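Engineer: just need the structure, nothing else, for what follows:
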Amino acid sequence: MGDEALILARLQFAFTVSFHFIFPSFSIGLASFLMVLEGLWLKTGRGVYANLYRYWLKIFAVAFGMGVVSGIVMSYQFGTNWSVFSDKAGPIVGPLMAYEVLTAFFLEAGFLGVMLFGINKVGPRLHFFATCMVALGTFISATWIISTNSWMQTPTGFAINAQGQFVPAGSWLPIIFNPSFPYRLAHVVLAAYLTTSLVVGAVGAWHLLRDRTNPGARKMFSMAMGMVAIAAPIQIFVGDAHGLNTLEHQPVKIMAMEGHYESHPHGAPLILFGIPDPAAKRIDYALEIPKLSSLILKHDADAPLGGLDAVPDELEPPVAVVFWTFRIMVGLGMAMLGLGLFSLVGRVKGRLYSWPLLHRLAVAMGPSGFVAVIAGWVTTEVGRQPYTVYGYLLTAKSHSPLQASAVATSLLTFVIVYFIVFGSGTYYLLRLMAKAPAPHETEPAATPQRAAGITPAPAFAKE
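Structural biologist: Model (predicted):
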């Protein structure tokens with residue numbers, strides 16, 4: 001397997017995981033949003049919450065299904081393209097992935113049917129419990145996946161046996177709760193909530209631009225903008241803490257993110273923008289603020305920060321990719337903070353539902369959460385290079401013995417199939433979102449509960 005095949009294998013995994021990452025980042029937040037909607041409906045009896053629950057439940061079902069399908073493909077690639085990694089890291093990565101299936105996936109699968117089809121067939125409290133279990137399942141799923149990825153970033157609690165395999169060195173706790181896990185989990189879950197809030201807010205704003213009196217559009221927009229205003233500043237603090245953790249355990253990644261080709265013994269500047277020149281080992285046309293990087297990362301403006309000049313070329317990540325994706329992520333995070341603050345101004349001024357500029361900005365920001373999570377993922381994974389297991393297993397030593405033509409054929413097949421299948425699914429999701437939420441729901445047909453004289457669930461209460 002030559003360099004061409006290795007690059008193609010990496011591109012194939014990057015392509016498939018990018019598609020997959022979009023759907024869980026939406027369904028994790030949307031499951032929690034549905035849980036909140038149903039809880040408010042049960043508490044208040046207001047039909048607007050029931051109507052919104054039914055509206056977003058259809059969208060959740062499609063997004064969840066596409067997430068499951070896109071995730072199955074990646075597990076096969078561990079065996080086809082990355083068999084050496086699977087052999088060496090399998091004794092640790094395999095059980096962690098199995099725990100995700102045994103806990104989260106079974107929990108989601110067990111209650112998803114009740115959540116999707118049981119609204120007329122079970123009592124309201126049982127149905128709410130099913131919704132809570134699905135929301136909990138998505139969170140547990142994220143926990144195991146992030147734990148696995150974090151172990152690859154900051155591996156602890158392992159030994160290497162005679163066959164060169166990573167095996168547990170006693171308790172699993174240091175493996176599961178590895179040094180970067182809590183920071184990465186908080187960062188990813190908050191990103192999922194922000195992504196969902198921006199989509200819900202964009203849909204609400206879209207319909208408010210057409211009918212500002214629609215109660216469903218008003219309620220979803222208010223709830224989404226409230227979440228953005230709360231979560232965006234928290235995410236900035238969590239991201240800062242995650243960066244400090246990365247500096248401690250993966251300093252080379254921070255060097256690439258900051259664009260520090262040179263060491264700075266007396267305080268490093270924060271490079272806002274510039275054009276990385278890997279050949280010359282410099283950032284051209286750099287716009288920088290003196291000593292601010294040291295102040296952010298070390299809380300001391302004069303603190304020294306190392307540079308890539310102290311790192312062997314073969315252990316240096318692709319700086320240009322990491323440099324730009326990190327700035328895309330941070331820039332969009334600042335834009336989310338600005339949108340949240342703008343919505344607070346509208347709320348205080350009583351113009352939350354009647355300010356077209358705010359609504360247009362919310363619509364424009366709708367896809368920004370997806371772009372930010374993909375940019376953040378690229379920053380994390382490309383910044384880890386040239387390792388699959390950081391500091392121990394090189395990516396170039398992790399692949400299967402395949403020919404470039406074989407990998408290219410499967411990559412081309414994935415591209416065609418993914419764009420057809422998931423393009424169609426995304427188009428259907430947009431069609432569902434384009435339909436305005438109905439102000440009232442019709443009464444359902446006769447159900448076993450009604451026949452038995454049981455009071456029906458208030459999911460169809462009119463308002």
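
Engineer: how many neighbouring residues does the closest residue to Phe129 other than its chain neighbours have?
Structural biologist: Distance criterion Cβ to Cβ, 6 or more residues apart in numbering; nearest residue to Phe129, sequence neighbours excluded, is Phe111 at 7.8 Å. All C-beta spots, glycine's among them, are computed from the backbone N, C-alpha and C. Residue neighbour count, defined by other Cβ atoms under 10 Å, stands at 22 for Phe111.

Engineer: can you check the one 4 residues further on too?
Structural biologist: Close neighbours of Met115, defined as other Cβ under 10 Å, add up to 27.

Engineer: my guess is it meets Lys58, correct?
Structural biologist: No. If you go by Cβ atoms under 8 Å, Met115 and Lys58 don't touch, sitting 11.9 Å apart.

Engineer: what's the distance between Ala438 and Arg431?
Structural biologist: When distance is defined by Cβ to Cβ, to the nearest Å, Ala438 is 16 Å away from Arg431.

Engineer: any idea where the helices of the stretch 101-250 of the chain begin and end?
Structural biologist: Per DSSP state H, counting those that start in this stretch, the stretch 101-250 of the chain carries helices over the ranges 106-117, 124-153, 173-176, 181-208, 215-249.

Engineer: what would those helices look like in CSV with distance to Ile22?
Structural biologist: Output for the helices of the stretch 101-250 of the chain, formatted as CSV (distance: least, Cβ to Cβ, whole Å):
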stretch, distance to Ile22
helix 106-117, 18
helix 124-153, 14
helix 173-176, 26
helix 181-208, 9
helix 215-249, 18
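
Engineer: touching stretch 384-404 from outside, list them.
Structural biologist: With contact meaning Cβ atoms under 8 Å, 6 or more residues apart in numbering, stretch 384-404 is reached by 1-2, 4-6, 8-10, 80-85, 88-89, 152-155, 160, 166, 250, 253, 314-315, 317-318.

Engineer: quick check on these: which are buried?
Structural biologist: Neighbour counting over the contacts of stretch 384-404 (16 or more other Cβ atoms under 10 Å) leaves 1, 5-6, 8-10, 81-85, 88-89, 152-155, 166, 250, 253, 317 as the buried ones.

Engineer: so of those residues, which ones are in strands?
Structural biologist: Using DSSP state E, the subset of the buried ones among the contacts of stretch 384-404 located in strands is Phe166.

Engineer: in helices, which of the buried ones among the contacts of stretch 384-404 appear?
Structural biologist: Among the buried ones among the contacts of stretch 384-404, the residues falling in helices (DSSP state H) are 5-6, 8-10, 83-85, 88-89, 152-153, 253.

Engineer: quick one on the thing from earlier: between Ala438 and Arg431, which has more neighbouring residues?
Structural biologist: Set side by side, Ala438 and Arg431 show more neighbours around Ala438, with 14 against 9, by other Cβ under 10 Å.

Engineer: residue ranges with poor pLDDT in the protein?
Structural biologist: Applying pLDDT under 70 to the chain flags the ranges 1-2, 440-463.

Engineer: tell me where the stretch 251-400 of the chain has strands.
Structural biologist: Taking DSSP state E, counting those that start in this stretch as the criterion, the stretch 251-400 of the chain carries its strands at 270-277, 282-289, 387-389, 393-394.

Engineer: deepest-packed of those, please.
Structural biologist: Most buried of these, by mean neighbour count (mean count of other Cβ atoms under 10 Å): strand 387-389, with a mean of 21.

Engineer: how far does it sit from its chain's centre?
Structural biologist: 21 Å (Cα atoms, centre = their mean, to the nearest Å).

Engineer: swap in stretch 290-307?
Structural biologist: Stretch 290-307 has its C-alpha centroid displaced from the chain centroid by 29 Å (Cα atoms, centre = their mean).

Engineer: do the same with stretch 398-413
Structural biologist: From the chain centre to the centre of stretch 398-413 is a distance of 27 Å (Cα atoms, centre = their mean).

Engineer: could you list the buried residues of it?
Structural biologist: Ser398, His399, Ser400, Leu402, Ala404, Ala406, Val407, Ala408, Ser410, Leu411.

Engineer: where does the fourth one sit: helix, strand or coil?
Structural biologist: Just to be clear, that refers to Leu402. coil (DSSP: H, G, I helix; E, B strand; the rest coil).

Engineer: just want the phi and psi numbers for it.
Structural biologist: phi -120, psi 160 (degrees, to the nearest 10).

Engineer: and the third one, by the same measure?
Structural biologist: Its backbone dihedrals place Ser400 at phi -90, psi 160, with angles given as degrees, to the nearest 10.

Engineer: picking up where we left off before, I'd guessed the residue nearest to Phe129 sits against Leu136; true?
Structural biologist: No. The criterion here is Cβ under 8 Å, and Phe111 misses it with Leu136 at 9.1 Å.

Engineer: what residues do the two have in common as contacts?
Structural biologist: If you check Phe111 and Leu136 against Cβ under 8 Å, 6+ apart, no residue is contacted by both.

Engineer: burial count for Trp151?
Structural biologist: Using other Cβ under 10 Å: Trp151 sits among 27 other residues.

Engineer: setting aside sequence neighbours, what's the nearest residue to it?
Structural biologist: Asn178 (4.9 Å).

Engineer: show me what contacts the one you found?
Structural biologist: Ser147, Ser150, Trp151, Gln153, Thr154, Pro155, Thr156, Gly157.

Engineer: redo that, cut-off 7 Å
Structural biologist: Ser150, Trp151, Thr154, Pro155, Thr156 (Cβ atoms under 7 Å, 6 or more residues apart in numbering).

Engineer: picking that back up, okay, the strands of the stretch 251-400 of the chain in TSV with distance to Glu100 next?
Structural biologist: Listed next are the strands of the stretch 251-400 of the chain as TSV, based on distance: least, Cβ to Cβ, whole Å:
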stretch	distance to Glu100
strand 270-277	36
strand 282-289	40
strand 387-389	19
strand 393-394	22
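
Engineer: for these, which one sits closest to Ala142?
Structural biologist: Among these, the nearest to Ala142 by Cβ to Cβ is strand 387-389 (21.0 Å).

Engineer: that closest one pairs with which strands, parallel or anti?
Structural biologist: strand 393-394 (antiparallel) (DSSP bridges).

Engineer: the partner strand: what's the following helix or strand?
Structural biologist: The helix or strand immediately downstream of strand 393-394 is helix 404-434, counting by DSSP states H and E.

Engineer: how far is that next one from where the chain is centred?
Structural biologist: With Cα atoms, centre = their mean as the basis, helix 404-434 stands 19 Å off its chain's centre.

Engineer: now do that helix and helix 181-208, the angle between them.
Structural biologist: 50 degrees (axes from the mean of the first three to the mean of the last three Cα atoms, to 10 degrees).

Engineer: picking up where we left off before, in the buried residues of stretch 398-413, find the pair that's most separated.
Structural biologist: Once Cβ to Cβ is applied, the buried residues of stretch 398-413 give Ser398 and Ala408 as the farthest pair, at 19.0 Å.

Engineer: for Leu432, give me its contacts.
Structural biologist: Going by Cβ under 7 Å, 6+ apart, the list of residues near Leu432 reads Lys58, Ile59.
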